[in-house]
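1. Let's see this in three dimensions:
(chains A, B, C and D)
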Protein chains: 2
Amino acid sequence: MTIDLDGPEPFFEQIASVLTQRIEGGIYLPRRRIPSEYALCEEFGVSRPTVRSAIAVLVEKGLVATSKGKGTFVVADPGE
Amino acid sequence: MTIDLDGPEPFFEQIASVLTQRIEGGIYLPRRRIPSEYALCEEFGVSRPTVRSAIAVLVEKGLVATSKGKGTFVVADPGE
DNA sequence: GGAAATTTGTTCGTATGTATA
DNA sequence: TTATACATACGAACAAATTTC
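-> This next block holds a predicted model:
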């Protein structure tokens, strides 16, 4: 996994791509919780707003769903 | 409410005028919160920096006050 | 039951870079 | 050059729902 600091793609899109690959690759399983926003901040070395922008992309694509106080979960069938 | 895209007045001044009218007209009431910056972005179709420039005009005029994490509020007596 | 920690949601504050007129 | 506007990114504070002890 690489993050291209000088590339034209914004951080949040690059992170969204990585998370999407993890879902499609079975690293993050259907109906299971993905790491918290703060955990992803630490892993990718970015701020929470940036992580949230990345997750928003996944929500838009229908890959994950968020629940206040609970976390962010992979949908039942991410490949539909 | 109209936004003159081709006029000589910058967006942020036009938006500041609209918000001022809403305060003076009682749409936004004293001590009450006005819509968030993001909500105003959507309503006026502009970026957050532009909305913030408009709000800065109102702060300068003493019509509203901002509070981090809480929002932007109409002052107790906007007509003083 | 209750308090504390965790987690997502919301909001303003600040800074940088780019584009345009 | 200056002013305007947009996109991106980080920081900080507060709020609310949930979980855990």
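2. Pick out the residue in chain A sitting closest to DNA strand D.
-> For chain A and DNA strand D, the shortest gap (C-beta to the nearest atom of the strand) falls at A:Gly69, measuring 2.5 Å. Where you see a C-beta, it was placed from the backbone N, CA and C, and this is true even at glycine.
3. That residue belongs to a helix?
-> No. With DSSP: H, G, I helix; E, B strand; the rest coil as the criterion, A:Gly69 is located in coil rather than a helix.
4. What is the neighbour count of it?
-> Other residues near A:Gly69 number 4, with proximity taken as other C-beta atoms under 10 Å in any protein chain shown.
5. any idea whether A:Ala76 is helix, strand or coil?
-> A:Ala76 falls in the coil class when you classify it by three-state DSSP.
6. hang on, isn't it packed against A:Arg32?
-> No. Contact criterion C-beta atoms under 8 Å: A:Ala76 and A:Arg32 do not qualify, at 10.6 Å.
7. which residues of chain A fall in helices?
-> A:11-24, A:37-44, A:48-60 (DSSP state H).
8. quick one: buried residues of the first one?
-> In terms of neighbour count (16 or more other C-beta atoms under 10 Å in any protein chain shown), helix A:11-24 has its buried residues at A:Phe11, A:Phe12, A:Gln14, A:Ile15, A:Ala16, A:Val18, A:Leu19, A:Thr20, A:Arg22, A:Ile23.
9. Equivalent analysis for the shortest one, please.
-> In terms of neighbour count (16+ other C-beta under 10 Å), helix A:37-44 has its buried residues at A:Glu37, A:Leu40, A:Cys41, A:Phe44.
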